[in-house]
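> Generate coordinates for the sequence data below:
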Amino acid sequence: MSQTTQTEARTDTPLFIDEVEDEKRFTASEFWQMAGGFWRGKVARKAWALSIAIGILVLVNIAIQYGINRWNKYFFDALEAKNLETASHAIGLFAALAVTAVVAMVTQVWFRMTLMANWRRWLTTSLSTQWLAGRRFYQLSVAAPEIDSPEFRMTDDVRQATEPLVDFVTGIINALLMAAVFAVVLWSAGGGIKIGQLTIPGYFVWSAAAYGCLCSTLMIFLGRPLIRAIEQKNAAEAQSRFELVRIRENAESIALIGGESDERASLNDTLRNVLARWAHVIRFQSLITIVSHGNYMIAPVLPLLLGAPKYLAGEMSLGQLMQIAAAFVQVQVAFNWVVDNYIRLAEWNASAQRIVAFWRTMRSFEARDADETRITFANSEDDWLRLSDLSVAHSTGKVVISDAWAAFEPGSKVLIKGESGTGKSTLIRAIAGLWPWGQGEVYLPVNARVMFVPQKPYVPNGTLRAALIYPGLDQEPEDQTLTTVLRKAGLSHLVQRLDDGDRWDKILSGGEQQRLAFARLFLHRPEIVIMDEATSALDEAGQETLMTLFNTELPGAMLLSVGHRPGLEGYHQRIIVLERRSRGATITEPEEKHRSSLGRLMRRALRPRPTPDPASEIS
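I've put the predicted structure just below:
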């Protein structure tokens, strides 16, 4: 089925920034349910192998850091004793530790980044599969416009929600183990301190813990508003990109109507909102910097100040003091992990929130698909297409078309007419399977191929050949076949460019794109064709040529079309009309059409069916 294109409607609301305030906050279990499948599905073995390798390398790194800590005592004691031989041996030992540390860290980085890349690929594939399944990419734009920029959520937001999390988990495990190992070093090497008659054992440990908790508490208190500020900043950035993409996609229309000044004003408003949100981030990040940079300056000096009295009193050697100072720094790194990573945590939270909201919406669509009140599709007992008690509604539940009963025989050409807003395009989208909201049944002929031709046909990137064959055929057609359908559709001038790769959606005019859609029909030869203003960009002569050719080339194809162009009635055997009613539009058929044998055949086809409301029955 041909892919529809969405016409982006401009909204009076300048931004979607505040939609994050209305979204349900995600939980850790909900995020794991969405993203944790990487460790539970088909690639679980690879995921666990990478995770275990990283864990082992974390332990190796801690062992190396412990060795370096012991080296500090060994080396500085040698300096204090002015023992050249021992100092020289210590230098050689340090070189071995340094090389081992570099190799271990490089290996850990390789495994960590490989895990990031594979997890990101898995999650993006999972989300995009859900997005494309059941035409949800179309339904999302209709039923959940608050989920802005799904393409950004599946790319940048997925990256920012997976890559830092691998670092966070690795960092937390490393911090906990570092704190445990070096707290033991501080306790044993630092000993206690006597204040008056009171002896405090392990006072270096208690000092490190108190200082780390103070810094972390300050960071959390000052940085909590940063999470919301970053969420709102990201939403503003997404809206800014959306505005620029919308202008690019509608460049010709904006240029022809002279809307540059309005677009410039809109972009300026959007940019002002982006900068206002950035100002909030800057203010909160500046407060956090006070804590983080202050900690960076104080942490290396504090253990030296705490240990100086014992060193000066001769209760501690220089090597012990340097060992304690190094261990204190390691414990501080562990305790201050939140301080050092709070900004990244806030950015991660904002991105994770956006992709969980996207995933949550996809799951709600799945739940709706299982709802018995949805429009259902079944195989017809014959080759007819039937609508049985079909009601079509908006995603909000408001009924647009009610109690529609109709039957269309194979090869019939049916024009659907009605006032604007009665739901003509909505009806054919429901028949095509694009619009699931409503109830009732659509019975389609078994194995019937259906193609939908919208007003603006979709033209994919790549070669003209690929655009013509799209969405693919079981067997690659010969060049002669492609040349023939192009010429029949009035595109002879493009025959020599079959293998040219270009932006054909920008090169071809609106009329040429509609001709390409007809060429695609002649090539695919579907049993059912659904058109929505498919000739609106053609002149009357072009419309006459293509519609006549359609009836000649595809005489057995059923055609359901919506169109307002004059003269279309002549290419259809039957006209049905949607008439507005208080409880939703209903299908009627002009009386004069009933005189035809086709009308009599239709009435016979409908007679065995349960008798619907007379107001909505095709008499």
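> Please identify the buried residues of stretch 432-442?
By 16 or more other CB atoms under 10 Å, the buried positions in stretch 432-442 come out as Ala432, Gly433, Leu434, Trp435, Pro436, Trp437, Gly438, Gln439, Gly440, Val442. For glycine as for every other residue, the C-beta is placed from the backbone atoms N, C-alpha and C.
> And the last one, which helix or strand is it part of?
What it means is Val442. Using DSSP states H and E, Val442 maps to strand 438-444.
> partners of that strand, with directions?
According to DSSP bridges, strand 438-444 forms sheet pairs with strand 376-379 (parallel), strand 385-393 (antiparallel).
> and these as a markdown table, adding mean pLDDT?
Shown next, in a markdown table, are those (pLDDT from 0 to 100):
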| stretch | mean pLDDT |
| --- | --- |
| strand 376-379 | 87 |
| strand 385-393 | 88 |
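> Give me whichever of those is most buried.
Across these, averaging neighbours per residue (mean count of other CB atoms under 10 Å) puts strand 385-393 on top, at a mean of 21.
> of all the buried residues of stretch 432-442, which comes closest to Trp39?
Of all the buried residues of stretch 432-442, Pro436 has the smallest distance to Trp39: 33.0 Å, by CB to CB.
> can you list the domains in this protein?
With domains defined by automatic domain parsing, the chain comprises 27-369, 376-616.
> Which parts of this structure are strands?
Ranges of strands in the chain, per DSSP state E, are 193-195, 198-200, 376-379, 385-393, 399-408, 413-418, 438-444, 450-453, 462-463, 501-502, 528-532, 558-562, 574-579, 586-588.
> who wins for proximity to Glu315 among those strands?
Minimum separation from Glu315 across the strands of the chain (CB to CB) falls at strand 193-195, 9.5 Å.
> Which one of the strands paired with strand 438-444 lies nearest to Pro300?
Nearest to Pro300, of all the strands paired with strand 438-444, is strand 385-393, at 66.8 Å by CB to CB.
> Okay, angle between the closest one and strand 528-532 too, please.
Strand 385-393 runs at 40 degrees relative to strand 528-532, counting by axes from the mean of the first three to the mean of the last three CA atoms, to 10 degrees.
> relative to strand 558-562, how tilted is strand 385-393?
Computed by the same axes, to 10 degrees, the angle separating strand 385-393 from strand 558-562 equals 30 degrees.
> Pull up the gap between the nearest residue to Val399 once chain neighbours are set aside and Phe522, please.
Closest residue to Val399 apart from its sequence neighbours, by CB to CB, 6 or more residues apart in numbering: Gly584 at 4.0 Å. Gly584 sits 37 Å away from Phe522, going by CB to CB, to the nearest Å.
> if I pick Val399, what's in contact with it?
Taking CB atoms under 8 Å, 6 or more residues apart in numbering, we find Val399 in contact with Ser391, Val392, Ala393, Gly438, Arg583, Gly584.
> same question, Leu473
Leu473 neighbours (CB under 8 Å, 6+ apart): Leu523, His524.
> What of Ala393?
Shown in contact with Ala393 (CB under 8 Å, 6+ apart): Val399, Val400, Trp437, Gly438.
> Looking at pLDDT only, which of those scores worst?
The member of the contacts of Ala393 with the lowest pLDDT is Trp437, at 81.
> any idea how far it lies from Asp403?
Distance of Trp437 to Asp403, given as CB to CB: 16 Å.
> cool, Val103 as well?
In this view, Val103 and Asp403 are 75 Å apart by CB to CB.
> More neighbours: those two, which one.
Comparing Val103 with Asp403 by other CB atoms under 10 Å, the one with more neighbours is Asp403, at 20 against 12.
> What's the separation between the more buried one and Gly440?
In this view, Asp403 and Gly440 are 8 Å apart by CB to CB.
> Quickly list what's touching both of those two.
Shared contacts of Asp403 and Gly440, defined by CB under 8 Å, 6+ apart, are found at Asp389, Leu390, Ser391.
> ok, those vs Phe31, which is closest?
Ser391 (38.1 Å).
> Identify the residues contacting the closest one.
Residues in contact with Ser391 (CB under 8 Å, 6+ apart) are Val399, Ile401, Ser402, Asp403, Ala404, Gly438, Gln439, Gly440, Gly584.
> Turn the shared contacts of Asp403 and Gly440 into a markdown table, including distance to Leu271.
Listed next are the shared contacts of Asp403 and Gly440 as a markdown table, based on distance: CB to CB, whole Å:
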| residue | distance to Leu271 |
| --- | --- |
| Asp389 | 52 |
| Leu390 | 47 |
| Ser391 | 45 |
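> Tell me the one among these nearest to Glu527.
Among the shared contacts of Asp403 and Gly440, Leu390 lies closest to Glu527 (CB to CB), at 20.3 Å.
> For that closest one, which non-adjacent residue is closest in space?
Distances taken as CB to CB, 6+ apart place Gly440 nearest to Leu390, at 3.6 Å, with adjacent residues excluded.
> Mind pulling the model confidence for that neighbour?
pLDDT, Gly440: 88.
> Grab the longest helix from the protein for me.
Secondary structure of the chain read by DSSP state H shows that its longest helix is helix 84-132.
> I'd like the mean pLDDT over that helix, please.
91.
> who does that helix touch, helix- and strand-wise?
The contact analysis (3 or more CB pairs under 8 Å, 6 or more residues apart in numbering; DSSP states H and E) places helix 84-132 against helix 28-35, helix 44-80, helix 136-143, helix 158-190, helix 337-369.
> make it 10 Å
Contact here means 3 or more CB pairs under 10 Å, 6 or more residues apart in numbering; DSSP states H and E; on that basis helix 84-132 packs against helix 28-35, helix 44-80, helix 136-143, helix 150-152, helix 158-190, helix 337-369.
> JSON lines for these, including mean neighbour count?
What follows is these, written out as JSON lines (neighbours: other CB atoms under 10 Å):
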{"stretch": "helix 28-35", "mean neighbour count": "15"}
{"stretch": "helix 44-80", "mean neighbour count": "17"}
{"stretch": "helix 136-143", "mean neighbour count": "18"}
{"stretch": "helix 150-152", "mean neighbour count": "19"}
{"stretch": "helix 158-190", "mean neighbour count": "19"}
{"stretch": "helix 337-369", "mean neighbour count": "20"}
